[in-house]
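S.K.: my questions are about this predicted structure, shown below with the sequence.
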There are 2 protein chains.
Amino acid sequence: MSVVPLLQQALGVLVDTDEDALELARSDRSGHAAAGRPLAIVHAERVEHVQETLRIASATRTPVVVRGAGTGLAGAANAGEGEIVLSLRRMAAIHEVRPDDLLAVVEPGILNAELNAHLASFGLWWAPDPASRDISTVGGNIATGAGGLLCAKYGVVRDAVLGVDLVLADGRLLHLGHRSVKGVTGLDLTALVVGSEGILGVVVGATLKLRRLVPGESCTVTALFPGVRAAAAASAAVTAAGVQPAIMELMDAPSLAAVHALLGLPAPTPGTAQLTIQTDGPAAAAEADAIDAILRANDGVTEVSHDRAEGERLLAIRRSMHAAMASLGTTLIEDVSVPRSAMPAMFDEIARIEREYGLVIPTVAHAGDGNLHPNFVFEGPETPAHVWAAADELFRAAIRLGGTLTGEHGIGVLKRRWLAEELGDDQWRLQREIAAVFDPLGILNPGKVFVPDA
Amino acid sequence: MSVVPLLQQALGVLVDTDEDALELARSDRSGHAAAGRPLAIVHAERVEHVQETLRIASATRTPVVVRGAGTGLAGAANAGEGEIVLSLRRMAAIHEVRPDDLLAVVEPGILNAELNAHLASFGLWWAPDPASRDISTVGGNIATGAGGLLCAKYGVVRDAVLGVDLVLADGRLLHLGHRSVKGVTGLDLTALVVGSEGILGVVVGATLKLRRLVPGESCTVTALFPGVRAAAAASAAVTAAGVQPAIMELMDAPSLAAVHALLGLPAPTPGTAQLTIQTDGPAAAAEADAIDAILRANDGVTEVSHDRAEGERLLAIRRSMHAAMASLGTTLIEDVSVPRSAMPAMFDEIARIEREYGLVIPTVAHAGDGNLHPNFVFEGPETPAHVWAAADELFRAAIRLGGTLTGEHGIGVLKRRWLAEELGDDQWRLQREIAAVFDPLGILNPGKVFVPDA
């Protein structure tokens, strides 16, 4: 029997072969689509469904692509010809919330925002805060090591996961990690799974490390600058001064103009870049004043708000970036990350690449942690060759400045060509061998992260 | 040529065969010693010395045990018959401190306290704070995933390491991780190396994530309780109330009495247990007042100090625990960690084991994160069988309560018998296979972490 009938026999109506659904599973939010259509989607509702799917996939040597909400930006969850899609979106239960232990045990398919809405009623939150939080799943956040706006102050996903339940390619279930704050029993496989983009196993449950909601007011400082370099230098000055904002977002002039146009706001003065900075906690007001002074000393025209709702309104401008870019054409969103002090130099490199390739590259940045999102906008579904050439220059510049290819989106298919360049050949091979220990048949998300053998 | 002459030919005076030095390398601070004496100690001064040592070790199939300051408590750095000791203590340089990027690049042999003294001049610190910080190396802290007093508020070692340079068993040098706050390029091998106890490779350099020194005063609350269970319940009440102390240390009655005796302080009322709690940051005073109220409501007799020096003096009582135990006999220091809410239940289990085995088990705890250090004290160099039997009960109780064998000391040789019990057989085998990818010949710290094949 071939694989789809085997799945149907074992999993019945959970197996979906609807043409439209299969078509949707070919792509994620990057817009990039896999070649061909997958065989079927399994809508797992329990751990056993995941195990059964993987046992059948192993027996038939069929590749499996795990999907959450499909909001990735690197093509890691795109499924094509001959592949099974394993959707975890229906596994969205919250099994446990423990305010006394500051942890929650959840299924992977719950949306980040849904989880945080539930946690808020306990006075708690899970810190990972990707811009996609309203539409992305916790499992997807873990699989990509998703970042967000708050990482400089509140850490990355790796810091916020205590344990995961992982189904291996052959269907065995492992419990990795622990429920205690500390734990050094054996190798830290939980940390290895965070950001592994579906190539090590299927995360079917997670024990999350929570925080208490931050008490007190939150203050927002916005500042306009005569150009992006001035804004980048001002944000570096904030970090260097030792103040720690919760959020520090930078928008360059083309980004700011595009969002203002989308939202029907008055057009900013041409060339104007913007910083939006938020402070929280008991020293929020004092920190906002200190930041205000630093920004003014660095040519910023500033405004300070102590109103939380007004702060959210100001941040909404930054959060509309993705929609603004999509309104201009097809977008390739890049994701380089550099040491914070190298941000002005990275913006210089982007300006150079714009000149050399005759492109405009609207760029926003999580300036508190040095993570830049340069956007390449073009017409039609395929990324043109000269855009890839410009992106290649961008990646090499980031690595040269001590940075990395991807701060929070992952490698997927879109950046696998550059992986060995950053890791070095020895580490690249070692990583492949480690993945093979988890998945000796190579059926888990093949062709993602690593360029397949020729 | 046999291995020692090969090492001498390649590394000259860096190769040490002094009998006393070899004898010292047999044991760490656990008191446990390896069988037999190692062949030689290589005092590496540069990365190339490490690489050369490993090339010779690989060529001759000779096991290598990496040592820093030898302050481990699980026997992971103990070297015996037929083994090369690779000491990194002389590789103690600080290559870079970057206040603007909040990072430092260091060699592994520097002491934690030396590094932090240097960082203080920049207004910075590296948060990992093991009780051994004055005598343990940064490399050792990374190798064990060392914890300390501050983990609940300031995180564990894994959260404070951005990258490591790793020499593999065959002498190749890999650069793992990155210098940016965010980075999800490939598998997170840096996190995998943290806590790997010398079985994956030799850490010859580290890029550390730093914090700004916390501004403002630090307040200290001490509280005496009529028994350890009351103290544990009070500390759990502090966590459950949502206050986050920097430090929350618990001492049971036998511990407190032993330290008072050692320091020549008046003997506490029999049965008295103590909590020592420190708050820091802008809300330190308000938090200390809130904690004071919670402790009083939980039968604590409290005192609050706003003086930093007085706070250090009060904490010195807790920091003298190791010396106090050593003054009583040979000590086996255990290191179980449980979810914070399970701390009172874990103390009940310890009381049960004391009764059943006719033992006194003085116990201190990092109560803010649920990490307990029960001490078994006995005469002579060998841990008696009934002590191991009691420890076995202790481990099983911790695992039953959702906890772990070791919060911060590691598995080493002393706890390898229990590793598979916590991990499960499938995960245990998977971890061994991953280690074999790094070290196919099995020459890196063999017999540590995993029980060797029969």
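M.R.: Arrived safely, thanks for sending.

S.K.: from here on, just use CA atoms for contacts and neighbour counts.
M.R.: Fine.

S.K.: list the contacts for residue A:193?
M.R.: By Cα atoms under 8 Å, 6 or more residues apart in numbering or on different chains, the contact list for residue A:193 reads A:142-143, A:200, B:187.

S.K.: how about the contacts made by the residue nearest the centre of chain A?
M.R.: Taking Cα atoms, centre = their mean, the centroid of chain A lies closest to residue A:146, which sits 3.3 Å from it. Going by Cα under 8 Å, 6+ apart, residue A:146 touches A:128, A:130, A:140, A:156-157, A:195, A:408-410.

S.K.: just the ones of the residues you listed in helices?
M.R.: residue A:140 (DSSP state H).

S.K.: spell out which parts of the stretch 351-454 of chain A neighbour chain B.
M.R.: Near chain B, the residues belonging to the stretch 351-454 of chain A are A:369-371, A:402-411, A:419, A:423-424, A:426-427, A:430-431, A:433-434, A:437-438, A:449 when assessed by Cα under 8 Å from any Cα of the partner chain.

S.K.: ok, and what's touching the helix or strand hosting residue A:23?
M.R.: Using DSSP states H and E, residue A:23 sits in helix A:19-24. The contact list for helix A:19-24 (Cα under 8 Å, 6+ apart) reads A:37-41.

S.K.: ok, then the element right after it?
M.R.: strand A:40-43.

S.K.: wait, does the helix or strand just after that next one contact chain B?
M.R.: Downstream of strand A:40-43, the first helix or strand assigned by DSSP H and E is helix A:47-60. No: using Cα under 8 Å from any Cα, we find that helix A:47-60 stays clear of chain B, coming within 15.0 Å at best.

S.K.: for helix A:47-60, buried residues please.
M.R.: For helix A:47-60, the neighbour count (16 or more other Cα atoms under 10 Å in any protein chain shown) marks A:47, A:49-58 as buried.

S.K.: about what we covered before: now, the residues of the stretch 351-454 of chain A next to chain B that are in helices?
M.R.: A:419, A:423, A:426-427, A:430-431, A:433-434, A:437-438.

S.K.: on that earlier part again, can I get the buried ones among the contacts of residue A:193 as something I can paste into ChimeraX?
M.R.: Selection of the buried residues among the contacts of residue A:193 in ChimeraX, burial being defined by 16+ other Cα under 10 Å:
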select /A:142,143,200 /B:187
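
S.K.: ok, the contacts of residue A:193 vs residue B:317, which is closest?
M.R.: residue A:142 (41.6 Å; Cα to Cα).

S.K.: next up, phi/psi of that closest one, please.
M.R.: Main-chain dihedrals, residue A:142, degrees, to the nearest 10: phi -70, psi -40.

S.K.: got the contact list for it?
M.R.: A:157-158, A:193-195.

S.K.: adding pLDDT, write those residues out as CSV.
M.R.: Putting these into CSV (pLDDT from 0 to 100) gives the following:
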residue, pLDDT
A:157, 96
A:158, 95
A:193, 98
A:194, 98
A:195, 98
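
S.K.: quick one, strands of the stretch 301-450 of chain A?
M.R.: Assigned by DSSP state E, counting those that start in this stretch, the stretch 301-450 of chain A shows strands spanning A:301-305, A:330-333, A:363-366, A:371-378.

S.K.: lowest-confidence stretch among those?
M.R.: Across those, strand A:330-333 has the smallest mean pLDDT, namely a mean of 91.

S.K.: quick one on the thing from earlier: so can I have TSV of the strands of the stretch 301-450 of chain A showing mean neighbour count?
M.R.: As requested, the strands of the stretch 301-450 of chain A are exported to TSV (neighbours: other Cα atoms under 10 Å in any protein chain shown):
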stretch	mean neighbour count
strand A:301-305	16
strand A:330-333	23
strand A:363-366	25
strand A:371-378	23
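
S.K.: quick check: which of these is nearest to residue A:247?
M.R.: Here strand A:363-366 is closest among these (Cα to Cα), at 7.8 Å.

S.K.: what's in contact with the closest one?
M.R.: For strand A:363-366, using Cα under 8 Å, 6+ apart, the contacting residues are A:148-149, A:247-252, A:254-255, A:371-375.

S.K.: please consider this matter closed, and thank you.
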